[in-house]
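Enquirer: Using only what follows, build the 3D model:
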Amino acid sequence: EWLTGSENVATSTLEFSGTVPPCAANPLQPTIECDDTQALLDPLWRSDPLPLEGQGTLYGPWTRIGDYECSTTPSHVAAINAWHAMTIQPPTVTFEPHDTWAITHLGTLPITDTTPQTTTVNLAGTTITLRATPITWTWTTSDGTTEQRTTPIRSYNNGGTPITFPPGQRRISMTLTTQWEGHYSLNAGTTWTQAPGIATTTNDPHWIHLYSPTPHLVDCDTHGNCSSGTTPPHGHTPTLTDPDGDGIDNHTIPNQDID
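Expert: Numbering: from 1, shown residues only. Have a look, this model is predicted:
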């Protein structure tokens, strides 16, 4: 049975027992009209648990606790403004297989934390939950190259596709710019409304040393044992990470001393 407090459905209180009945036959039309820049939001309903012992959890009748609203009503305007002011931390990044060096043609996999960030604010007596979700990840290098991903980079074990580089040994920085879409909730996360606008965060540059190995025949193994009986140059055999054979892995040299 429908119980209405007035003829104006938009301002009446509706209460009924059991499941929410279908409205296809006699739909309730909101009397609120929104303009082209606004969204019509459906009213909220609540069914509270009943304090009955030994009968499990039973719930009382459904009661409409909200009204139809346009997205520019005060609570939604406050939520949108709060989203625009929300502080979003740049995501953490883990590099595979190494965090300080990579082989140019094999590349590196920067695994980015994709967990949405949430916060709760109270504005004019209304508790608003904000949520920021990453949607794009753009990597810019000091070489001047840019690569944008619309899906997060997965690990090698999960079939991730690495970011690769042109050949040539060098030291570069990689900077991540992340775009976030926003949602807000006026009922503690039960329902979410998308907020307009995109937020952007930028991580601090991450330095990485690129190696560009080429195959060639050598006289000595990596332990310094030479078939000719000679001593390796500098006393060390060149390796992947120590191509000049001076006994120091190039990626361990500080930026200011890399030359």
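Enquirer: After the host helix or strand of residue 79, which helix or strand is next? Please name it.
Expert: Secondary structure from DSSP states H and E places residue 79 in helix 74-84. Moving toward the C-terminus from helix 74-84, the next helix or strand (DSSP H and E) is strand 93-96.
Enquirer: So for that next one, what gets flagged as buried?
Expert: For strand 93-96, the buried set under the neighbour-count rule, 16 or more other Cβ atoms under 10 Å, comprises 93, 95-96. The way it works is simple: take the backbone N, C-alpha and C, and place the C-beta from them, glycine included.
Enquirer: Run through the residues that contact residue 75.
Expert: For residue 75, the contacting residues are 69, 123-124, 126, 128, 186, by Cβ atoms under 8 Å, 6 or more residues apart in numbering.
Enquirer: List just the nearest of those residues to residue 203.
Expert: residue 128 (27.5 Å; Cβ to Cβ).
Enquirer: CA atoms only for the helix holding residue 79, dumped as PDB, please.
Expert: Output of helix 74-84 as PDB, limited to C-alpha atoms (Å, rounded to 0.1, in the frame of the first residue of the first chain):
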ATOM      1  CA  PRO A  74      23.300  22.900  -2.100                       C
ATOM      2  CA  SER A  75      24.500  19.400  -0.900                       C
ATOM      3  CA  HIS A  76      25.700  18.500  -4.400                       C
ATOM      4  CA  VAL A  77      27.300  21.800  -5.100                       C
ATOM      5  CA  ALA A  78      29.200  21.400  -1.800                       C
ATOM      6  CA  ALA A  79      30.300  17.900  -2.800                       C
ATOM      7  CA  ILE A  80      31.500  19.100  -6.200                       C
ATOM      8  CA  ASN A  81      33.400  21.900  -4.700                       C
ATOM      9  CA  ALA A  82      34.900  19.500  -2.100                       C
ATOM     10  CA  TRP A  83      36.000  17.200  -5.000                       C
ATOM     11  CA  HIS A  84      37.700  20.100  -6.700                       C
END
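Enquirer: any chance you could map the strands in the stretch 51-200 of the chain?
Expert: Listed in chain order, the strands of the stretch 51-200 of the chain (DSSP state E, counting those that start in this stretch) span 62-64, 69-70, 93-96, 101-103, 109-112, 117-123, 126-141, 146-149, 170-185, 193-202.
Enquirer: Let's have those in TSV, adding distance to residue 82 and mean pLDDT.
Expert: As requested, the strands of the stretch 51-200 of the chain are arranged in TSV below (distance: least, Cβ to Cβ, whole Å; pLDDT from 0 to 100):
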stretch	distance to residue 82	mean pLDDT
strand 62-64	25	76
strand 69-70	17	76
strand 93-96	27	95
strand 101-103	40	97
strand 109-112	25	95
strand 117-123	5	92
strand 126-141	6	94
strand 146-149	28	92
strand 170-185	7	96
strand 193-202	9	91
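Enquirer: Beyond the lowest-mean-pLDDT helix or strand in the chain, next helix or strand please.
Expert: Every helix and strand of the chain was ranked by mean pLDDT, DSSP states H and E. The lowest is strand 15-16, at a mean of 60. Per DSSP H and E, the first helix or strand lying C-terminal to strand 15-16 is strand 40-41.
Enquirer: Could you list every helix and strand that that following strand packs against?
Expert: strand 69-70 (3 or more Cβ pairs under 8 Å, 6 or more residues apart in numbering; DSSP states H and E).
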